[in-house]
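K.L.:
the sequence and its predicted three-dimensional model are supplied below.
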Amino acid sequence: MSPAKKRQQKPEESARLRDAILSKLRGEGKDESGPPPPSAGRAGAAATPGETGTWGREISLFGPSLNDMAVFCRQLVTLLDAGIPLLRSLKILSVRTLHPRLKRAVGRVAQQVEEGTRFSVALAQYPRVFSPLLVNVVRIGESGGILESSLKRLADVLEGKASIRRRILAAIAYPSVVILVAITMLTLVLTVAIPKFQAVYRDLQVELPATTRIIIGISTFIRSAWWACIVLVVGIIALLVMFRRTPAGRAFFDWCRMRLPILSNVSVRIAVARTTRTLGSLISAGIPLLEALRTVVQSSESLMVARACQRVHDTVERGGKLEDQLRREYHVFPPLVVDMIAIGDEAGALDIMLNKVADTYDEEVESMLRGLTAIIEPVLIVLLGLLVVFIAAAVLTPYFYMAKHIAEK
């Protein structure tokens, strides 16, 4: 088929797809041509898109995940590609979206867009739902007339981040379960078993060894001040969470991730993969390098990476070379990565090379996570074995003392 015929058929295919989507909605009795009917419980007030009769019961403790946002971008792109206007697409998604908080936010964004607010400005009103990356990509896409391609690339970026996060969670799942079971069993031993042995020890009338006295002391403290232990644990966790949200706390935890041995190897590769994936996808979507770097700075989860990318942005903005400043940021971007980026920049294929770097580091992250999991398993087994030996020795040693005392008599 000739390219002219393909171009001629593309609007026809989009029209057919649009008609199919709208006919499906009408068939289900949900015409999205206007706002939903007034809610009976609100005295005739018009409900905003995304609100239903059970709006008050749609409660979500957590915001939408990366996967939720990737699905939202994919669905929005599909509707826009089908020729459905932005406002109508948002109203459709305000009904179809599953996550309650995202659903309400999309409905309110649709209402603001209908009132004349720009899409990116409306998104920026809900920072806990729509990330700076999404807002900036939409803003740039609106300004350059490349909203659909920008959203497609953004969906790729979000899916890549979600994939890395799933791998990390899968890698720490086994150690987390083992540690949780160990803490539970240790608590039961200290609160149930040790008191029974303690009663026996009083009848032995022998001097208890230091390990046994330590175990008994811990058991007594937990049983007599269990509420204090709970308050202490919850307080420490709350303080760490609050400290993590401060600029100093964010910088401290970020430094630990990027500098501590073993952990830094994985963290640096994850940061490089995310940064190059985002930057390469934005450039592929037609976004200029400076705008793409600014978006990476505003959306980066790592403070060190954000500061490094900001310095790279400032250098390029002053007319400097991208490669020169990247080499100065060796603590974030390894020399091999800089070499590959420099080659891509010289060849006019920077976006392609950035995506290749991201693919390579994604594979390295997956390999390193598998290796860490393989190392953690035997280490945990050894540590748990030492803990069992310590408790067993503390419990049984008094009996040996008793036997020795009887033998001496």
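P.N.:
Looks like it arrived, so ask away. Everything quoted here is computed from the prediction, not taken from an experiment.
K.L.:
ok, which stretches of the stretch 51-200 of the chain are helices?
P.N.:
66-81, 86-96, 100-114, 119-124, 132-144, 147-188, 194-204 (DSSP state H, counting those that start in this stretch).
K.L.:
may I see these arranged in CSV, with distance to Ser299, mean neighbour count and mean pLDDT as well?
P.N.:
(C-beta placed from N, C-alpha, C; glycine too.) Formatted as CSV, these follow (distance: least, C-beta to C-beta, whole Å; neighbours: other C-beta atoms under 10 Å; pLDDT from 0 to 100):
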stretch, distance to Ser299, mean neighbour count, mean pLDDT
helix 66-81, 12, 20, 87
helix 86-96, 22, 20, 89
helix 100-114, 18, 22, 91
helix 119-124, 13, 20, 90
helix 132-144, 3, 21, 85
helix 147-188, 9, 17, 84
helix 194-204, 51, 13, 78
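K.L.:
and stretch 135-142, how far out from the chain middle?
P.N.:
Here stretch 135-142 is found 22 Å from its chain centre; the criterion is C-alpha atoms, centre = their mean, to the nearest Å.
K.L.:
residues contacting that stretch, please?
P.N.:
When contacts are defined by C-beta atoms under 8 Å, 6 or more residues apart in numbering, stretch 135-142 is touched by residues 118-120, 123-124, 146-151, 153-154, 282, 285, 287, 291, 294-295, 298-299.
K.L.:
what is the end-to-end distance of stretch 121-134?
P.N.:
End-to-end distance for stretch 121-134, by C-alpha to C-alpha, to the nearest Å: 11 Å.
K.L.:
shift numbering so it begins at 51
P.N.:
Fine by me, first position is 51 from now on; the one you just mentioned is stretch 171-184.
K.L.:
neighbouring contacts of it?
P.N.:
113-114, 119, 123, 151-152, 155, 158-159, 162-163, 185, 188, 204, 207, 328, 345, 348-349.
K.L.:
try 7 Å this time
P.N.:
Contacts to stretch 171-184, defined as C-beta atoms under 7 Å, 6 or more residues apart in numbering, come from residues 113-114, 119, 151-152, 155, 159, 162-163, 185, 188, 204, 345, 348-349.
K.L.:
identify the farthest-apart pair in those.
P.N.:
Comparing all pairs in those by C-beta to C-beta, the longest separation belongs to Arg151 and Thr345, at 23.6 Å.
K.L.:
quick one: the helices in the stretch 301-450 of the chain?
P.N.:
313-334, 339-349, 353-367, 372-378, 385-396, 400-458.
K.L.:
quick one: contacts for Ala232?
P.N.:
Counting by C-beta under 7 Å, 6+ apart, Ala232 touches Leu434.
K.L.:
repeat that for 10 Å
P.N.:
Neighbouring residues of Ala232 by C-beta atoms under 10 Å, 6 or more residues apart in numbering: 430, 433-434, 437-438.
K.L.:
adding distance to Asp412, write these out as CSV.
P.N.:
As requested, the contacts of Ala232 are exported to CSV (distance: C-beta to C-beta, whole Å):
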residue, distance to Asp412
Leu430, 27
Leu433, 31
Leu434, 33
Leu437, 37
Val438, 39
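K.L.:
for PyMOL, what selects the buried ones among the residues you listed?
P.N.:
Buried residues among these (16 or more other C-beta atoms under 10 Å), as a PyMOL selection:
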select buried, resi 434
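K.L.:
pipe the contacts of Ala232 into JSON lines and attach distance to Ile402 and pLDDT per row.
P.N.:
Output for those, formatted as JSON lines (distance: C-beta to C-beta, whole Å; pLDDT from 0 to 100):
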{"residue": "Leu430", "distance to Ile402": "42", "pLDDT": "85"}
{"residue": "Leu433", "distance to Ile402": "46", "pLDDT": "87"}
{"residue": "Leu434", "distance to Ile402": "48", "pLDDT": "86"}
{"residue": "Leu437", "distance to Ile402": "52", "pLDDT": "85"}
{"residue": "Val438", "distance to Ile402": "54", "pLDDT": "84"}
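K.L.:
tell me the mean pLDDT over stretch 364-384?
P.N.:
The predicted model gives stretch 364-384 an average pLDDT of 87.
K.L.:
could you pull out the buried residues of that stretch?
P.N.:
Going by neighbour count (16+ other C-beta under 10 Å), the buried part of stretch 364-384 is 365-366, 372, 375-376, 379, 382-383.
K.L.:
now do the same contact list for Pro384.
P.N.:
318-319, 322, 390, 407, 411.
K.L.:
and these, which is closest to Val227?
P.N.:
Checking the contacts of Pro384 against Val227 with C-beta to C-beta, the nearest one is Arg319 at 25.2 Å.
K.L.:
closest to Met403 among the buried residues of stretch 364-384?
P.N.:
Among those, Leu372 lies closest to Met403 (C-beta to C-beta), at 11.5 Å.
K.L.:
surely that closest one and Leu339 touch.
P.N.:
Yes: if you go by C-beta atoms under 10 Å, Leu372 and Leu339 touch, sitting 7.6 Å apart.
K.L.:
which residues do these two both contact?
P.N.:
Residues touching both Leu372 and Leu339 (C-beta under 10 Å, 6+ apart) are 362-363, 366, 395, 400.
K.L.:
so the most centrally placed residue in the chain versus Glu209, what's the distance?
P.N.:
Nearest to the geometric centre of the chain sits Arg215, at 5.8 Å (C-alpha atoms, centre = their mean). Noted for Arg215: a distance of 11 Å to Glu209, by C-beta to C-beta, to the nearest Å.
K.L.:
kindly report the same for Leu386.
P.N.:
Distance, Leu386 to Glu209, by C-beta to C-beta: 25 Å.
K.L.:
one more: Gly398?
P.N.:
Using C-beta to C-beta, we find Gly398 at a distance of 27 Å from Glu209.
K.L.:
now Phe180
P.N.:
From Phe180 across to Glu209, the span is 17 Å (C-beta to C-beta).
K.L.:
repeat for Ile218
P.N.:
In this view, Ile218 and Glu209 are 15 Å apart by C-beta to C-beta.
K.L.:
for Val291, same thing?
P.N.:
For Val291, the distance to Glu209 - C-beta to C-beta - is 28 Å.
K.L.:
quick check: mean pLDDT across stretch 403-417?
P.N.:
87.
K.L.:
now it - C-alpha only, PDB.
P.N.:
Listed in PDB are the C-alpha atoms of stretch 403-417, where the atom choice follows Å, rounded to 0.1, in the frame of the first residue of the first chain:
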ATOM      1  CA  MET A 403      22.200   6.300  23.100                       C
ATOM      2  CA  LEU A 404      20.500   7.500  26.300                       C
ATOM      3  CA  ASN A 405      17.900   4.800  25.900                       C
ATOM      4  CA  LYS A 406      20.600   2.200  25.300                       C
ATOM      5  CA  VAL A 407      22.400   3.200  28.500                       C
ATOM      6  CA  ALA A 408      19.100   2.900  30.400                       C
ATOM      7  CA  ASP A 409      18.500  -0.600  28.900                       C
ATOM      8  CA  THR A 410      22.100  -1.700  29.800                       C
ATOM      9  CA  TYR A 411      21.800  -0.400  33.400                       C
ATOM     10  CA  ASP A 412      18.400  -1.900  33.900                       C
ATOM     11  CA  GLU A 413      19.900  -5.300  33.100                       C
ATOM     12  CA  GLU A 414      22.800  -4.600  35.500                       C
ATOM     13  CA  VAL A 415      20.400  -3.600  38.200                       C
ATOM     14  CA  GLU A 416      18.400  -6.800  37.800                       C
ATOM     15  CA  SER A 417      21.600  -8.900  37.800                       C
END
